[in-house]
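Enquirer: Generate a structure from the sequence data that follows.
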Amino acid sequence: MPERWRQLGVLSLAELLALSLWFSASAVLPALQQEWNLGAAGSAGLVIAVQLGFIAGTLASALGNLPDVWSPRSLMAGSAMLGAAANAALALWVDSLAPALALRVVTGAAMAGAYPPAMKIMATWFREGRGVAIGILVGALTIGSATPWLIRGLTALPWRHTLLAASGLAVLAAIVVVLLVREGPNRFPSARFDPRMALAMFRARGPRLACFGYFGHMWELYAMWAWIGLFLFASAEAAGASGYAGMPPSTATFAVIASGALGCWLGGVASDRWGRTAATIAAMAASGVCAATIGLTFAGRPALTLALALVWGITVVADSAQFSTAITELSPPAYVGTALTMQTCVGFAITNVSIWLLLPVVNAVGWRWAFATLAIGPALGVVAMARLRAAPESLKLAGGRR
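Expert: Next up, the predicted model:
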């Protein structure tokens, strides 16, 4: 018992440090827009490049069954080092958009080896309480994703030094994995190479419905994370305010995204106690309402905008880990890593569409209505999880707690 909680702690720390690479370019985007004269397309491209790299990396990993035929520890540590190197190269040598996009793709591909294998390792330590454990792990990922905003908000570092700081954290993540992370006693069976298993989960109703719920969730999540910072900057400027509750917009953005860690923990507790489908349906309903209404606070009272943004930050990711947990319970045991990787691959492909579309929607209708388009995803996700709840396969979830 003590060892599994220690492993949860060190693996969550490693995930937090490694995922600081994800939004490192987004956090310095205002500086890059000015220095490189970036428009909306270039700005969105820098954000989406990471997603594209992640999709390519997860697809290759799933087709090759890498998390199941390789050591997930080695895959995670090597990937963190590769991402750190690509991000540092951007900071040290790049002065234009094209090479920056290429290096962000490499960074995203590296994250494909740092995220799904961590969930598989965690599942080997937890049978009971798996929802809470993976929820805490995804909470650490959430804080890590927000870390570059904190660095920017608390320091006066130039953008290149902010990127280097994120790379340093990723190197530290690799060291933590190598020295401290171990697989647990509940290891999954050994797997042989079989590229057909990458699509196997879409042929079974239970995993397929869990994936459809996840896809609706992902339509909303990363577009919110990617653009909530620009929304808060623009809203404060339009209201003639310098920030939110004494915080500059960048620090407020960190607070909003990092608040998701609380949501991940609460979602895990609710999922283990009341069921996977119940928790995910409740979270998506709440986040969908936030997406539909937060634009109405634009240019209004900063305290109200920040309060609703914090609620959205908590609920938008509260269900994320539970879709992954459901896949570990519904998929063939020997190919859990492959199933998790394929689930995230398709989910992140969907994020490219919602991330790319949001800025043109802002240009067309303004921030007041743009985020409402993200509510479509959780609405469809609720339908998918309600169907899973009614299916007999749901009895495999959380020891029978649907």
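Enquirer: And the pLDDT at Arg187?
Expert: Arg187 is assigned a pLDDT of 66 by the prediction.
Enquirer: same thing with Ala299?
Expert: Predicted confidence (pLDDT) for Ala299: 90.
Enquirer: what's the distance between it and Val361?
Expert: Distance of Ala299 to Val361, given as Cβ to Cβ, to the nearest Å: 17 Å. For the C-beta atoms, the positions are set from N, CA and C on the backbone; glycine is no exception.
Enquirer: just Gly295 next, same as before
Expert: From Gly295 to Val361 the distance is 10 Å (Cβ to Cβ).
Enquirer: And for Leu19?
Expert: Counting by Cβ to Cβ, the gap from Leu19 to Val361 is 27 Å.
Enquirer: Between Gly295 and Val361, which has more neighbouring residues?
Expert: Set Gly295 next to Val361 and count neighbours by other Cβ atoms under 10 Å: Gly295 wins out with 21 against 17.
Enquirer: Need phi/psi at Met247.
Expert: Phi and psi for Met247, reported as degrees, to the nearest 10, are phi -100, psi 140.
Enquirer: which SS class is the closest residue to Gly267 other than its chain neighbours?
Expert: For Gly267, the nearest residue in space outside its immediate sequence neighbours is Ala318; the separation is 3.6 Å by Cβ to Cβ, 6 or more residues apart in numbering. Put simply, Ala318 is coil when judged by DSSP: H, G, I helix; E, B strand; the rest coil.
Enquirer: burial of Ala318, as a residue count?
Expert: Per other Cβ under 10 Å, the neighbour tally for Ala318 reads 30.
Enquirer: That one contacts Ser259, correct?
Expert: No: using Cβ atoms under 8 Å, Ala318 makes no contact with Ser259, being 10.3 Å away.
Enquirer: List the residues that contact Ala174.
Expert: By Cβ atoms under 8 Å, 6 or more residues apart in numbering, the residues touching Ala174 are 14, 18, 76-78, 80-81, 84.
Enquirer: distance of the closest residue in space to Asn186 that isn't next to it in sequence from Arg130?
Expert: In this structure, Asn186 finds its nearest non-sequential neighbour in Thr124, 5.1 Å apart by Cβ to Cβ, 6+ apart. For Thr124, the distance to Arg130 equals 10 Å [Cβ to Cβ].
Enquirer: Low-confidence regions, the stretch 51-200 of the chain specifically.
Expert: Filtered on pLDDT under 70, the stretch 51-200 of the chain yields the residue ranges 62, 65-69, 187-200.
Enquirer: Go through this protein and flag its longest helix.
Expert: Longest helix in the chain, counting residues (DSSP state H): helix 205-239.
Enquirer: Just the buried residues of it, please?
Expert: For helix 205-239, a neighbour-count test (16 or more other Cβ atoms under 10 Å) marks 206-236 as buried.
Enquirer: Then stretch 352-372?
Expert: Within stretch 352-372, the residues that qualify as buried are 352, 354-356, 358-359, 361-362, 367, 370-372, counting by 16+ other Cβ under 10 Å.
Enquirer: Within the helices and strands, which one has Asp272?
Expert: Assessed by DSSP states H and E, Asp272 sits inside helix 260-274.
Enquirer: which residues are contacting that helix?
Expert: For helix 260-274, the external contacting residues (Cβ under 8 Å, 6+ apart) are 128-136, 138-140, 142-143, 146, 278-280, 282-283, 313-322, 325, 398, 401.
Enquirer: Among the residues you listed, name the buried ones.
Expert: 129-136, 138-140, 142-143, 146, 278-280, 282-283, 313-322, 325, 398, 401.
Enquirer: In strands, which of those residues appear?
Expert: Among those, none falls in strands (DSSP state E).
Enquirer: Okay, and which of those map to helices?
Expert: Using DSSP H, the subset of the buried ones among the contacts of helix 260-274 located in helices is 130-136, 138-140, 142-143, 146, 278-280, 282-283, 313-315, 320-322, 325.
Enquirer: For the stretch 251-400 of the chain, which segments count as helices?
Expert: 260-274, 276-293, 302-315, 320-330, 336-365, 367-370, 376-390 (DSSP state H, counting those that start in this stretch).
Enquirer: do you know which of those helices lies nearest Gly113?
Expert: The closest of those to Gly113 is helix 336-365. By Cβ to Cβ, the value is 9.3 Å.
Enquirer: tell me the mean pLDDT for the closest one?
Expert: Per-residue pLDDT over helix 336-365 has a mean of 83.
Enquirer: relative to helix 205-239, how tilted is it?
Expert: Inter-element angle recorded for helix 336-365 and helix 205-239: 30 degrees (by axes from the mean of the first three to the mean of the last three Cα atoms, to 10 degrees).
Enquirer: so helix 336-365 versus helix 320-330, what angle?
Expert: Between the axes of helix 336-365 and helix 320-330, defined by the same axes, to 10 degrees, the angle is 150 degrees.
Enquirer: Check which helices and strands helix 336-365 sits against.
Expert: In terms of contacts (3 or more Cβ pairs under 8 Å, 6 or more residues apart in numbering; DSSP states H and E), helix 336-365 is packed against helix 40-63, helix 66-69, helix 116-123, helix 205-239, helix 320-330, helix 367-370.
Enquirer: Turn these into JSON lines, including distance to Gly263.
Expert: Below are the helices and strands packed on helix 336-365 laid out as JSON lines (distance: least, Cβ to Cβ, whole Å):
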{"stretch": "helix 40-63", "distance to Gly263": "21"}
{"stretch": "helix 66-69", "distance to Gly263": "26"}
{"stretch": "helix 116-123", "distance to Gly263": "17"}
{"stretch": "helix 205-239", "distance to Gly263": "11"}
{"stretch": "helix 320-330", "distance to Gly263": "9"}
{"stretch": "helix 367-370", "distance to Gly263": "22"}
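Enquirer: The ones you listed: which one's closest to Pro99?
Expert: helix 40-63 (11.1 Å).
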